[in-house]
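Participant: Sharing a sequence plus its predicted fold:
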Amino acid sequence: MGLCALRLGRRAPPRRAVSLRGALREVAGNLPDYLYVGSSTAIVLALFGFTLGNQADQLADLSETDPLTGLTNARGLHERLEAELARLRRYREPLSLLLLDLDGLKTINDRYGHRAGDEAIRSLADVIRSQLRDTDLGARWGGDEFAVLAPNTSKADALSLAERIRSLIPERGGQWPLSGSVGVATVDPATDGGLVSKVALMRAADAAMYEAKRLGKNRVFSLTEW
């Protein structure tokens, strides 16, 4: 005699058609519960959106911040430089750009290790940060090169700023023998019309910086014509 397997289970209840009027009566009868669930969901969604917004802001900040020094990175410098050049053309105010190179970083890396080199880079960043006005921007251009963007700053004032930074580097370098070479370029609508591109301004500051290094390092140099 064969065995028969019996399959036991609960039958699903028959579906009940619900009219719109019936659904409205159900909502009205349980209105406090529906309001509670609805408000809770709205709060959760609002908090979720707020969190995502904060994270997006933080990611945007990180994308323009150099992780080693806390200064603006090259991307942030480019964006700010474009904005300041547009502002210069509108308000006819001078704009200065300083490019700095940390002299002898390779020697520090070779002799004391890259951790010492990182400390030297942070020391220069601290010097730059200490001399910035609220309107200025300090940036790490890359490696051992830094930049300072100084809006509404004449050539004379930019040279004074560069000299202050240069003189502080050996004093605040700690145990490392630090010095810096600084190149200065200024756009002044009163003399050159202000029709200078971002590339031209950066090339001028870069050329001045390398001329400072060629002349013996640890000095400030500005091109008279560019």
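Facilitator: Okay, I see it. All figures in this text were calculated on a predicted structure; none of them were measured in a lab. Numbers count the residues shown, from 1 in each chain.
Participant: Just list what the one helix or strand A86 maps to packs against, helices and strands only.
Facilitator: Applying DSSP states H and E as the criterion places A86 in helix 74-91. With contacts taken as 3 or more C-beta pairs under 8 Å, 6 or more residues apart in numbering; DSSP states H and E, helix 74-91 sits against strand 95-103, strand 137-142, strand 145-151, helix 198-214. The C-beta positions use only the backbone N, C-alpha and C, and glycine is treated the same way.
Participant: and these, which is most packed in?
Facilitator: Among the helices and strands packed on helix 74-91, ranked by average contacts under mean count of other C-beta atoms under 10 Å, first place goes to strand 95-103 (a mean of 26).
Participant: Now do the same for T191: its pLDDT.
Facilitator: You'll see T191 listed with a pLDDT of 81.
Participant: Is it within a helix or a strand, and which one?
Facilitator: Here T191 sits within helix 189-192, counting by DSSP H and E.
Participant: For stretch 64-76, buried residues please.
Facilitator: Neighbour-count burial for stretch 64-76, counted by 16 or more other C-beta atoms under 10 Å, picks out E64, T65, D66, T69, L71, T72, N73, G76.
Participant: Return the distance of the residue lying closest to G70 once chain neighbours are set aside relative to L149.
Facilitator: Leaving aside its sequence neighbours, G70 sits nearest to A125 (C-beta to C-beta, 6 or more residues apart in numbering; 6.9 Å). Remark: distance between A125 and L149 (C-beta to C-beta, to the nearest Å) = 15 Å.
Participant: Over to E119?
Facilitator: 25 Å.
Participant: looking at the sheet around the closest residue to F146 other than its chain neighbours, what are its partners?
Facilitator: The shortest distance from F146 to any residue other than its chain neighbours is 4.4 Å, reached at L100 (C-beta to C-beta, 6+ apart). Note on L100: beta-bridge partners by DSSP bridges are F146, V182.
Participant: what's the burial count for the nearest residue to S130 once chain neighbours are set aside?
Facilitator: Ranked by C-beta to C-beta, 6+ apart and with sequence neighbours excluded, the top spatial neighbour of S130 is L168, at 7.3 Å. Neighbour count for L168, taken as other C-beta atoms under 10 Å: 19.
Participant: Go ahead and name everything in contact with the host helix or strand of L168.
Facilitator: Using DSSP H and E, the element containing L168 is helix 155-171. Outside helix 155-171, the residues that touch it by C-beta atoms under 8 Å, 6 or more residues apart in numbering are 94, 96, 98, 100, 102, 123-124, 127-128, 130-131, 148, 150, 153, 177-182, 184, 186, 188, 218-220, 222.
Participant: Can you say which of those are buried?
Facilitator: Neighbour-count burial (16+ other C-beta under 10 Å) is assigned, among these, to 94, 96, 98, 100, 102, 123-124, 127-128, 148, 150, 153, 178-182, 184, 186, 188, 218-220, 222.
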